[in-house]
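> model this:
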Amino acid sequence: MGLEIRLLTARDTEAYWHLRLEALEREPKSFGESAGEHRLSTPESATERLTTNPEDNFVFGALLDGDLAGMAGFFRYTIAKERHKGKIWGVYVREDCRGKGIGRALLAALLEKIKACPGVEQVSLTVAAGQSAARALYVSLGFKTYGLEPGGMKVGDEYLDNEHMMLKI
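Below is the predicted model:
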């Protein structure tokens with residue numbers, strides 16, 4: 001298995017846009033954005049997401065034998081009183097690539113990059129109820145729950161609780 005974990009760049013736009021769509025279609029209960037909303041975006045907007053303010057806003061990709069198999073993003077809050085914080089978003093590994101340690105490797109690389117950001121002291125993420133594998137991975141990396149938002153997300157007619165987790169850097 002040839003696994004490469006690296007920052008995604010403009011040259012990864014198409015693969016990133018399509019993997020994000022796959023994530024939203026296959027795991028609608030895991031993400032705030034819907035597949036329909038994503039389809040309204042363009043690969044050009046994905047390029048912007050991958051390249052704007054790369055010191056505080058970045059996406060890592062896991063490439064398995066050259067194909068994008070997973071992704072995880074980070075953004076740092078912009079206002080002065082919250083610059084010590086950031087958020088992990090959009091964590092996804094293709095279904096056929098799960099159980100191989102790719103998610104752990106992806107998040108480990110992402111956290112190393114976050115730790116290198118001057119002044120970032122804590123990072124948070126949200127995991128939807130029922131996402132036990134993702135939650136177990138986050139806990140194993142040291143994330144702690146700081147709140148539960150009942151009905152924080154609504155998918156169709158179903159309300160899902162959001163668990164908010166945080167890691168001190």
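
> hmm, who's touching the least confident helix or strand in the chain by mean pLDDT?
Least confident helix or strand of the chain, by mean pLDDT, DSSP states H and E, is helix 43-51 with a mean of 85. Contact with helix 43-51 is made by 8-10, 12-14, 16-17, 20, 57-59, 73, as judged by Cβ atoms under 8 Å, 6 or more residues apart in numbering. (Glycine included, C-beta is placed from N, CA and C.)

> at 7 Å instead, please
Residues outside helix 43-51 that contact it (Cβ atoms under 7 Å, 6 or more residues apart in numbering) are 8-10, 12-14, 16-17, 59.

> element containing the closest residue to V91 other than its chain neighbours?
The shortest distance from V91 to any non-neighbouring residue, by Cβ to Cβ, 6 or more residues apart in numbering, is to A72 (4.4 Å). Assigned by DSSP states H and E, A72 belongs to strand 67-76.

> Which member of the contacts of helix 43-51 is positioned nearest A128?
A128 has its nearest neighbour among these in V59, at 20.0 Å by Cβ to Cβ.

> so the closest residue to F31 other than its chain neighbours is in which element?
Using Cβ to Cβ, 6+ apart and skipping the chain neighbours, the partner closest in space to F31 is L24 (5.6 Å). Assigning secondary structure by DSSP H and E places L24 in helix 13-26.

> residues of that helix that come out buried?
Using 16 or more other Cβ atoms under 10 Å as the test for burial, helix 13-26 gives 13, 15-17, 19-20, 22-24.

> A128: neighbour count?
Using other Cβ atoms under 10 Å, A128 is surrounded by 20 other residues.

> Kindly report the same for G152.
Using other Cβ under 10 Å, G152 has 17 other residues around it.
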